[in-house]
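*Asks:* Could you look at this predicted model? Sequence included:
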Amino acid sequence: MQLEVTGEIWHWRGPAPYHFVTVPEPESAAIKGVASAVTYGWGMIPVEVSTGGTSWVTALWPKDGLYVVPLRKWVREAEGVELGDTITVRLTVLPPR
């Protein structure tokens, strides 16, 4: 499954702070449809993500009935994006390892 989503970068200040982009409801619903076949636990969905010229492998996190894409610092620096910017990410859902 491949999806392209656009969203604003936001920051969660939990015990391990992260920056995220939220996957909108229609795309989150599509991911939920395959979640049981690909999750490796805790609802995490393995994906390959790309934005601009940067690609990486990570996992989508479930949050408030949707999924969120974590954006590590090195990704934000490589793409010159920051909190509040709107970006487009391409997601490829991967089979579990």
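*Replies:* The structure has been received and is ready for your questions. Numbers count the residues shown, from 1 in each chain.
*Asks:* Looks to me like Lys32 is in a helix.
*Replies:* Yes: under DSSP: H, G, I helix; E, B strand; the rest coil, Lys32 falls within a helix.
*Asks:* quick one: it and Leu66, what's the gap?
*Replies:* As defined by Cβ to Cβ, to the nearest Å, Lys32 lies at a distance of 9 Å from Leu66. In this view, the C-beta of every residue, glycine as well, is placed from N, C-alpha and C.
*Asks:* What sits closest to Pro70 if chain neighbours are left out?
*Replies:* Tyr18 (5.1 Å; Cβ to Cβ, 6 or more residues apart in numbering).
*Asks:* repeat for Phe20
*Replies:* Val68 (4.1 Å).
*Asks:* mind checking the backbone torsions on the one you found?
*Replies:* phi -130, psi 150 (degrees, to the nearest 10).
*Asks:* show me the contacts for the residue nearest to Pro70.
*Replies:* Neighbouring residues of Tyr18 by Cβ atoms under 8 Å, 6 or more residues apart in numbering: 11-12, 70-72.
*Asks:* what sits against the residue nearest in space to the middle of the chain?
*Replies:* Geometric centre of the chain, nearest residue: Val69, 1.7 Å, by Cα atoms, centre = their mean. Shown in contact with Val69 (Cβ under 8 Å, 6+ apart): 5, 20-23, 47, 49, 58, 60, 89, 91.
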